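**Student:** Pasted the sequence and its predicted model underneath.
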Amino acid sequence: MKVESWIFQPEYESMKREDLEKLQEERLRKLVRYCYENSPFYRKRFKEAGLSPDDIKGLDDLSKIPFTTKDDMREAYPYGMLATSLENVLEIHASSGTTGKPTTTFYSQRDIDIWSEVMARIYASAGAKKGDIIHNAYGYGLFTGGLGFHYGALKIGAAVVPVSSGGTERQLTLARELGTTILCCTPTYAMYLAEYARTKLGWDPKKELKWKSGIFGAEPWSEKLRQRIEDELGLEAFDIYGLSEIIGPGVSVECGEHDGLHVFEDHWLVEVIDPATGEPVDEGEVGELVITTLTKEAMPLLRYRTGDLTTWTTEECSCGRTIGRMGRILGRADDMVKVRGVKFWPKALEEAILSVEGASGHFIAKIERPKIMDVLTIEVEPDPEVFEMVKGDLSKLEPLRKKIVDKVRNAIGVTPNVVLKPVGSVQRFTGKAKRVVDLRKLNE
Ligand code: DLL
């Protein structure tokens, strides 16, 4: 199904690039002065770099400003990145901090207004409008997904069902009974919803559910997964990108062309750099995304290194937006796994496995080093229909298993052990999926 994608604020999303750059320049100058005057963190940074706000006159001076990193954010925990008085703060989010110190994000009223605005643009791009019923299955809580999608729905005047994550059967029942029209969740959860509807409830999801579009993000996902979700749920799937440090969801989204994600450049100033040297890469080349928050108040960030790898283009898009587009995220530099010296991203495994007919997208990959050599073992469930056909006798699916081995070997250059598992035995995720487990680290 193709929805009617529209532009919420053409005055910003479709402005002449010349005007956009002027606006960015003005906002950058203002922001730099604001940071210098209000953020103890940035004042110190500027002094250490021998910089004064007067040195930043335009976009060409951006590279004089030092990068801000996740480590800076961790060190500043809990309040060190705040650039306004605590009285102006209305909302605080924190990361789980499972790998080190957590990080915090602060929002003033102005920041929440910006968040609502960029999320409204995202809904419009995915064809949502007043009259729609938003099924918001992103987690509400410290994770920014739930609330970000909530604020955007209010802004466009759509009804939002704050179902949050988990309770899959209840989600599906509610979706059917209320007739929700737009699905918002992680792509892996969308796949699970489709599977659950089909196998556990015996529904044809396309008939029982009214979802016409889905806004999926918070984790890397492949074109193959998009195809599966679209085929099974009969909706148009849009990729959305964002991160808590910048705003939460709301940095960029696909339009109806599905040829990259439009970044709201009036708020987010983009650079793509070579992660090793910090130098800019050319348009179209892969590099690390760096973002400067041009308009934020409580926790503005200058040249924040996201760790996410992508490409960038300012070429005009046929949707009518003039703002630039980033490519779909390939992965994070630190999520890349190395097996027997070969590096790859989890997304490549997903793409390879889903390209095999009869394989489901439910898999978990484990990397171990029992002796000298790394061993990659992938546990994969067959599609429920295929599983049913052989009456649960997985030994009858040897050709399928071999096909998966071949596809993965061709995709990443490492031969995996593939083990087929009964349907329902591989872990399901309601939020961000973790499908590659590196057991070498535990044994080090
Ligand atoms: O995941 C915000 C969000 C919520 C985005 C809902 C989209 C939808 P964090 O938990 O801080 O925030 O995680 C941010 O997730 O740096 C990327 O590595 C990854 N990520 C987010 N969106 C995408 C995407 C939210 N569309 C981190 N594709 C980011 C690939 C994504 N990776």
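**Tutor:** That came through fine. Numbers count the residues shown, from 1 in each chain.

**Student:** can I see the domain layout of the protein?
**Tutor:** As recorded under automatic domain parsing, the domains making up the chain are 1-332, 336-443.

**Student:** ranking the ones you listed by burial, who's on top?
**Tutor:** Comparing the domains of the chain by mean neighbour count (mean count of other Cβ atoms under 10 Å), domain 1-332 ranks first with a mean of 19. No exception for glycine: its C-beta is placed from N, CA and C like everyone else's.

**Student:** Can you check the distance spanned by that one, start to finish?
**Tutor:** Length of domain 1-332, first residue to last, Cα to Cα, to the nearest Å: 31 Å.

**Student:** do stretch 39-55 as well
**Tutor:** Stretch 39-55 has its terminal residues 18 Å apart, counting by Cα to Cα.

**Student:** Contacts for it, please.
**Tutor:** For stretch 39-55, the external contacting residues (Cβ atoms under 8 Å, 6 or more residues apart in numbering) are 29, 32-33, 35-37, 61, 64-66, 68, 72, 76, 80-83, 300, 302.

**Student:** how much distance is there from it to the middle of the chain?
**Tutor:** Centre-to-centre, stretch 39-55 and its host chain are 31 Å apart (Cα atoms, centre = their mean, to the nearest Å).

**Student:** ditto for stretch 50-63
**Tutor:** 31 Å.

**Student:** coming back round to it: tell me, which of the domains of the chain is the model least confident about?
**Tutor:** Among the domains of the chain, domain 336-443 carries the lowest mean pLDDT, a mean of 93.

**Student:** Contact residues of the stretch 1-150 of the chain facing the ligand?
**Tutor:** 138, 143-145 (Cβ under 6 Å from any ligand atom).

**Student:** Would you point out the most distant pair within those?
**Tutor:** Using Cβ to Cβ, these reach their maximum pairwise distance at 138 and 144, which is 8.5 Å.

**Student:** Which neighbours do these two have in common?
**Tutor:** Counting by Cβ under 8 Å, 6+ apart, the shared contacts of residue 138 and residue 144 are residue 249.

**Student:** now residue 107, nearest residue through space, not along the chain?
**Tutor:** Of all residues beyond its chain neighbours, the one nearest residue 107 is residue 91 (4.2 Å), with distances taken as Cβ to Cβ, 6 or more residues apart in numbering.

**Student:** For whatever residue of the stretch 51-200 of the chain ends up closest to the ligand, give me its contacts.
**Tutor:** At 3.6 Å from the ligand, residue 145 is the closest residue in the stretch 51-200 of the chain, using Cβ to the nearest ligand atom. By Cβ under 8 Å, 6+ apart, residue 145 lies in contact with 138-139, 218, 248-249, 431.

**Student:** Can you list which of those residues are found in strands?
**Tutor:** Among the contacts of residue 145, the ones falling in strands (DSSP state E) are 248-249.

**Student:** Break down this structure into its helices, ranges please.
**Tutor:** Using DSSP state H, the helices of the chain run over 10-13, 17-38, 40-48, 70-75, 109-125, 144-156, 168-178, 187-199, 205-208, 223-233, 346-354, 384-389, 398-412, 439-443.

**Student:** Adding distance to residue 4, write the ones you listed out as a markdown table.
**Tutor:** Supplementary listing: the helices of the chain in a markdown table, determined by distance: least, Cβ to Cβ, whole Å:
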| stretch | distance to residue 4 |
| --- | --- |
| helix 10-13 | 15 |
| helix 17-38 | 25 |
| helix 40-48 | 43 |
| helix 70-75 | 39 |
| helix 109-125 | 10 |
| helix 144-156 | 14 |
| helix 168-178 | 21 |
| helix 187-199 | 21 |
| helix 205-208 | 19 |
| helix 223-233 | 17 |
| helix 346-354 | 29 |
| helix 384-389 | 34 |
| helix 398-412 | 36 |
| helix 439-443 | 47 |
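
**Student:** Do I have it right that residue 425 meets residue 381?
**Tutor:** Yes: look at residue 425 against residue 381 with Cβ atoms under 8 Å: they come within range, at 6.9 Å.

**Student:** what's the angle from the lengthiest strand in the chain to helix 223-233?
**Tutor:** When the chain is parsed with DSSP E, its longest strand is strand 359-368. Comparing the axes of strand 359-368 and helix 223-233 via axes from the mean of the first three to the mean of the last three Cα atoms, to 10 degrees yields an angle of 140 degrees.

**Student:** Correct me if wrong: residue 305 contacts residue 288.
**Tutor:** Yes: the pair residue 305 and residue 288 qualifies as a contact (Cβ under 8 Å) at a distance of 6.1 Å.

**Student:** Which residues are in contact with each of those two?
**Tutor:** Each of 273, 275 lies in contact with both residue 305 and residue 288 under the rule Cβ under 8 Å, 6+ apart.

**Student:** got the CA coordinates for stretch 372-389 in PDB?
**Tutor:** Output of stretch 372-389 as PDB, limited to C-alpha atoms (Å, rounded to 0.1, in the frame of the first residue of the first chain):
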ATOM      1  CA  ILE A 372      42.300 -20.500  18.500                       C
ATOM      2  CA  MET A 373      39.700 -20.000  15.800                       C
ATOM      3  CA  ASP A 374      36.600 -17.900  16.100                       C
ATOM      4  CA  VAL A 375      33.300 -19.900  15.600                       C
ATOM      5  CA  LEU A 376      30.200 -18.100  14.300                       C
ATOM      6  CA  THR A 377      27.000 -20.100  15.200                       C
ATOM      7  CA  ILE A 378      23.700 -18.800  14.000                       C
ATOM      8  CA  GLU A 379      20.500 -20.200  15.400                       C
ATOM      9  CA  VAL A 380      17.600 -19.500  12.900                       C
ATOM     10  CA  GLU A 381      14.000 -20.400  13.000                       C
ATOM     11  CA  PRO A 382      12.300 -21.500   9.800                       C
ATOM     12  CA  ASP A 383       9.100 -19.800   8.800                       C
ATOM     13  CA  PRO A 384       6.200 -21.200  10.800                       C
ATOM     14  CA  GLU A 385       4.500 -22.600   7.700                       C
ATOM     15  CA  VAL A 386       7.700 -24.400   6.700                       C
ATOM     16  CA  PHE A 387       8.100 -25.800  10.200                       C
ATOM     17  CA  GLU A 388       4.500 -26.900  10.200                       C
ATOM     18  CA  MET A 389       5.000 -28.600   6.800                       C
END
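
**Student:** can you list contacts of that stretch?
**Tutor:** With Cβ under 8 Å, 6+ apart as the test, stretch 372-389 has contacts from 195, 198-199, 339-340, 349, 353, 358-360, 362-369, 394, 397, 400, 404, 408, 414-426, 440.
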